[in-house]
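Trainee: turn this into a model:
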Amino acid sequence: MKKVFPIAFVLLMLVQSCISQQPAIQDYTKQTIVIPYQVKEVVIEDHRTDKLPMNWKLPVISAKQFEVTGNPDFTEDDEHQLKEFIKQTQNPEGAPSKITLRLIEGSCKIYADWKQATEYAQVAVELEVEELEGQNILKSNSEVFYEYNTLNALEKSVVKTYQTALKNATHQSLVQLTKQVK
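Mentor: Just a heads-up that it's a prediction; the model follows:
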């Protein structure tokens with residue numbers, strides 16, 4: 001009986017660590033927003049400097065304290081999703097414009113010790129709208145930070161949180177931009 005408990009505990013921890021516990025973070029890109037511009041072109045630029053790789057080697061069970069930080073790659077899928085979202089917000093009768101989205105900061109971090117783990121995702125973006133038929137240029141900035149406590153941390157779940165933060169920061173910038181125009 002005494003040998004069964006430690007083995008059962010280790011097996012339980014292994015099974016639990018394999019289960020992804022994605023936080024229920026709302027994706028604001030599902031909300032309808034209309035900006036007062038007709039989007040003719042969308043450009044997305046990654047302005048992050050000093051990028052840290054995301055090749056983390058996370059322990060299954062953390063017996064001692066550790067912390068890892070990284071910058072997820074800005075993938076073609078991320079770019080496609082953001083461009084489509086920005087295009088969906090356009091007003092077809094608005095002023096023809098070029099929108100530039102700059103990723104200023106984008107990072108993930110995991111901190112863990114023997115009792116719990118915390119996943120962090122932080123994104124900062126700058127949105128610039130340049131009217132093609134005029135001299136008007138508008139800018140808006142937004143920053144989103146998420147912190148999620150869990151029993152175990154997984155690179156896959158913190159990257160999903162980061163991707164949601166990226167979308168939500170873009171949404172927030174578009175909302176700010178709409179308020180500037182009104």
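Trainee: just checking, residue 74 touches residue 102?
Mentor: No - the pair residue 74 / residue 102 is not scored as a contact, 11.1 Å apart, by Cβ atoms under 8 Å. Every residue, glycine included, has its C-beta placed from N, CA and C.
Trainee: shared neighbours of these two, anything?
Mentor: Counting by Cβ atoms under 8 Å, 6 or more residues apart in numbering, the shared contacts of residue 74 and residue 102 are 44, 46.
Trainee: toward the C-terminus, what is the element adjacent to the worst-scoring helix or strand of the chain on mean pLDDT?
Mentor: Lowest mean confidence among the helices and strands of the chain (mean pLDDT, DSSP states H and E): helix 4-18, at a mean of 51. With elements assigned by DSSP states H and E, the helix or strand that comes after helix 4-18 is strand 37-46.
Trainee: what's the longest strand in the protein?
Mentor: strand 95-112 (DSSP state E).
Trainee: please name the strands paired to it in the sheet, noting orientation.
Mentor: Strands that pair with strand 95-112, judged by DSSP bridges, come out as strand 37-46 (parallel), strand 66-70 (antiparallel), strand 117-131 (antiparallel).
Trainee: give the rounded mean pLDDT of it.
Mentor: Strand 95-112 shows a mean pLDDT of 94.
Trainee: what of stretch 134-147?
Mentor: Rounded mean pLDDT across stretch 134-147 is 92.
Trainee: just how off-centre is it within its chain?
Mentor: 15 Å (Cα atoms, centre = their mean, to the nearest Å).
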